[in-house]
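Enquirer: Curious how this folds, go ahead:
(2 chains)
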Amino acid sequence: MAKRPILGLFEDANYAAEAGDALQEADVSQDDYDFLTDAPYPEGAFGEREERHHLYWFPFVGALVGLTAGILMTSMTQLAYPLVQGGKPILSLPPMAVITYESTMLSAIIFTILGIIFESRLPRPKMGLYDTRITEGYIGVLVNVEEDQLPKVSALLTQAGAVDVVLENPEPAAA
Amino acid sequence: MQEGRVLPAKEINRDLLRSILTTPNWYWVTVAVMAIIVLGAMSAAGLMINRGMGMTGLNRPVMWGFFIVNFVFWIGISHAGVMLSAILRLSKAEWRRPATRAAEVLTVFSLMTAVMMPLIHTGRPWRLVYWVYTLPFVPYDFARGIWPNIRSPLVWDPSAIFTYLTSSILFVMVALIPDMAVLRDRTTGIRHQAYALMAMGWQGTPRQWKLQIISGILLSALILPVFVSVHSIVSWDFGMAVAVKSWHSTIFAPYFVVGAVHSGVSAVVFVMILLRWIYGWENYIRHEHIDALGRLLIVVATGWFYFFVMEVIFGFYGREADEIAVREFQFTQPPWNLWFIFFTGLTYFLPVSLWLFKWTRRNLWIMSIACISVNIGMWLERFLIIVPGLAQKQMFTFTWYTYAPSAVEITIIGGTFAMVTLLMLLFSKVLPLIPLYDIKEGDMLKTEIKIGRATVPAVFRED
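Expert: Numbers count the residues shown, from 1 in each chain, chains lettered A, B, ... in the order given. Reported below is the predicted structural model:
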């Protein structure tokens, strides 16, 4: 049976955390529920699962790509213009260093941005179940459960102090 | 610190999105006036391109004038964003919250404006293509008389500015994603669709917030070295030139970087005071924030003054005849000596004497005057670095010449100030100039501690 989402809205962070505890006690996996907020709450505020990520690899990889691109770009440009200036060698390192430094940093930053978007699981083409009250300060507890579990989870969220429980409109049947 | 009251999220949204969701009468009038000034400047630039560089006051040996002065000035202003956003973010300074976005946006727009100046200065901007040295596989034919100096420090400039501009835009855009989601939820129709697209499906999960917070710190750490490099490289446009006395100085890079921070942070303070006034953001941009920035500015200004004194002392200490001639020109010949007195007074003595007292730091009129004074002074500083050195570049005194800007140059320079104002105004109409989630987070972490009979405002801080 396919899982369906259900969203409980809470005014208080403590109630949302209690809802999380209740879901765990009801054997709902931590991967099946999430807390939606309009501001960054301190880590572990809701007893949520620890989020692992690989963001720190992105700037390193980006820096390596940028360094390589910078060295190639500056050296090939100098070789393409074999013009001796002031008796200096054609392949002159000081001018290469500055531009290579900039390309390294630029690439590291671009890769970091890509990493942030990728690791944040963005972009999400379909929003799924959501409520605009979340960006007004309400805390959303979004649960994905089997369809037959929906009434039980709804009661659980209400019992924990949810001011509203929202269900996704069932998709219209294919003609 | 922490003087403001805790506000509910709904009220924060309403207050900080007011500039976007409603349009006051003065808005379009101001936009129209700024747009007219920008159009005037564009017409002046068009006239100059059509008639030639003779329309400017530039002449041998002073071939760098107002355009390059303005270029360095706007690059300097752009240093505000990283200074405030990155350094304060990394040091977890609580009072950064209302200042970061405006500073970052000012960075982007002032950089865009700065980039235009060398292009206008060339007189033939379409020849930009000759600057594009990054074509290793299709070099220009030397037989056609094009001899690009690909090892010139002037080539470093575009690479540094491009890196800084791209990084700053991306930095702003990433931090805007959660605020786009708030706007997505508060708008309808085509605006809703546009904000939804830019919010990329942001939901505000703990994972997304965790990465958002890490991104702020990580990007700050990555942009800081770029920030230092940009104004260092701009200073090398001058410092690497052996032929121009008073330019060839090893102290130029740190001197320029600190000067940029001085003018940039002053500009941000002025922008914040303006935002507080025009949008009624008294609950967000509070006296405590302006006070803290004023105290920071005393340190920055004194650091800058130290480098300035060192630069002058080393200029005199060598007793080189050419260098002394330039210094005499700067210090003794009117009107340059008067400009010099104005510049030191406006950049250091007047503002710092105003920032020394708490009551002056908390008076927004006085702070505005001090910050405008710094920026007039810093503009003059760049003028007094660039022009006197070039005026006496040649060996023989009969080739010495001075420089007076033309009406075309003054119009274009005026237009750049209008352009930055216009861009800031347009930005404030579509995106929030104060990060909503940052303010909400700050309010969430506020608390009060009772110590004996005193109640001390405090803030929780995560490691």
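
Enquirer: any idea where the helices of chain A begin and end?
Expert: Per DSSP state H, chain A carries helices over the ranges A:13-25, A:57-80, A:93-119, A:150-160.

Enquirer: Tell me the buried residues in stretch B:49-65?
Expert: Using 16 or more other CB atoms under 10 Å in any protein chain shown as the test for burial, stretch B:49-65 gives B:Ile49, B:Met53, B:Met55, B:Thr56, B:Gly57, B:Leu58, B:Pro61, B:Val62, B:Trp64, B:Gly65. Where you see a C-beta, it was placed from the backbone N, CA and C, and this is true even at glycine.

Enquirer: Name the secondary structure element that contains the first one.
Expert: So that's B:Ile49. If you go by DSSP states H and E, B:Ile49 is part of helix B:25-51.

Enquirer: Tell me the gap between that helix and the middle of its chain.
Expert: 21 Å (CA atoms, centre = their mean, to the nearest Å).

Enquirer: remind me which residues of chain A are low pLDDT?
Expert: Residues of chain A meeting the criterion pLDDT under 70: A:1, A:169-175.

Enquirer: Would you mind giving the domain segments of it?
Expert: What automatic domain parsing lists as the domains of chain A is A:3-50+A:127-167, A:57-119.

Enquirer: hmm, the longest one touching chain B?
Expert: Yes - with CB under 8 Å from any CB of the partner chain as the threshold, domain A:3-50+A:127-167 lies in contact with chain B, specifically through A:34-43, A:46, A:48, A:127-128, A:130, A:132, A:134-137, A:140, A:142.

Enquirer: For PyMOL, write a command that selects the buried ones of those.
Expert: A single PyMOL command is used to select the members of the residues of domain A:3-50+A:127-167 next to chain B judged buried by 16+ other CB under 10 Å:
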select buried, chain A and resi 34+35+36+37+38+39+40+41+46+48+130+134+135+136+137+140+142
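
Enquirer: So which of the residues of domain A:3-50+A:127-167 next to chain B are in strands?
Expert: The strands, defined by DSSP state E, take in A:Asp34, A:Phe35, A:Leu36, A:Gly140, A:Leu142 from the residues of domain A:3-50+A:127-167 next to chain B.

Enquirer: Now do the contacts for the closest residue in space to the second one that isn't next to it in sequence.
Expert: In space, A:Phe35 comes closest to A:Phe46 once its chain neighbours are excluded; the distance is 4.7 Å by CB to CB, 6 or more residues apart in numbering or on different chains. Applying CB atoms under 8 Å, 6 or more residues apart in numbering or on different chains, we find A:Phe46 in contact with A:Ala13, A:Ala16, A:Ala17, A:Gly20, A:Phe35, A:Ile139, B:Pro206.

Enquirer: How many neighbouring residues does the residue in the stretch 251-400 of chain B that chain A sits nearest to have?
Expert: Nearest residue of the stretch 251-400 of chain B to chain A: B:Ala253, at 11.9 Å (CB to the nearest CB). Residues near B:Ala253, counting by other CB atoms under 10 Å in any protein chain shown, number 19.

Enquirer: In the stretch 1-150 of chain B, what residue comes closest to chain A?
Expert: Here the residue of the stretch 1-150 of chain B nearest chain A is B:Ala9; by CB to the nearest CB that distance is 2.9 Å.

Enquirer: Now do the same contact list for the closest residue to that residue other than its chain neighbours.
Expert: Leaving out its chain neighbours, the residue that sits closest to B:Ala9 by CB to CB, 6+ apart is A:Gly137, at 2.9 Å. Taking CB under 8 Å, 6+ apart, we find A:Gly137 in contact with A:Glu11, A:Asp38, B:Pro8, B:Ala9, B:Lys10, B:Lys440.

Enquirer: any idea how far A:Gly137 lies from B:Arg319?
Expert: Distance of A:Gly137 to B:Arg319, given as CB to CB, to the nearest Å: 69 Å.

Enquirer: How about B:Pro158?
Expert: Applying CB to CB to B:Pro158 and B:Arg319 gives a distance of 37 Å.

Enquirer: ok, the two, which is more surrounded?
Expert: Just comparing B:Pro158 and B:Arg319: by other CB under 10 Å the higher neighbour count belongs to B:Pro158, 19 against 7.

Enquirer: Assign that one to helix, strand or coil.
Expert: Look at B:Pro158: counting by DSSP: H, G, I helix; E, B strand; the rest coil, its state is helix.

Enquirer: pLDDT score for it?
Expert: Per-residue pLDDT puts B:Pro158 at 88.

Enquirer: what about the helix or strand following the helix holding B:Ile49 and chain A, touching?
Expert: The helix or strand immediately downstream of helix B:25-51 is helix B:66-77, counting by DSSP H and E. No - taking CB under 8 Å from any CB as the criterion, helix B:66-77 and chain A are apart, separated by no less than 14.6 Å.

Enquirer: Give the buried residues for the helix or strand harbouring B:Val257.
Expert: Following DSSP H and E, one finds B:Val257 within helix B:252-279. Within helix B:252-279, the residues scored as buried using 16+ other CB under 10 Å are B:252-276, B:279.

Enquirer: now the angle from it to helix B:66-77?
Expert: 80 degrees (axes from the mean of the first three to the mean of the last three CA atoms, to 10 degrees).

Enquirer: Quick check: what element follows helix B:252-279 along the chain?
Expert: Downstream of helix B:252-279, the first helix or strand assigned by DSSP H and E is helix B:287-317.

Enquirer: Report the angle between that following helix and helix B:252-279.
Expert: Calculated by the same axes, to 10 degrees, helix B:287-317 forms an angle of 150 degrees with helix B:252-279.

Enquirer: which is the next helix or strand following helix B:287-317?
Expert: helix B:321-332.
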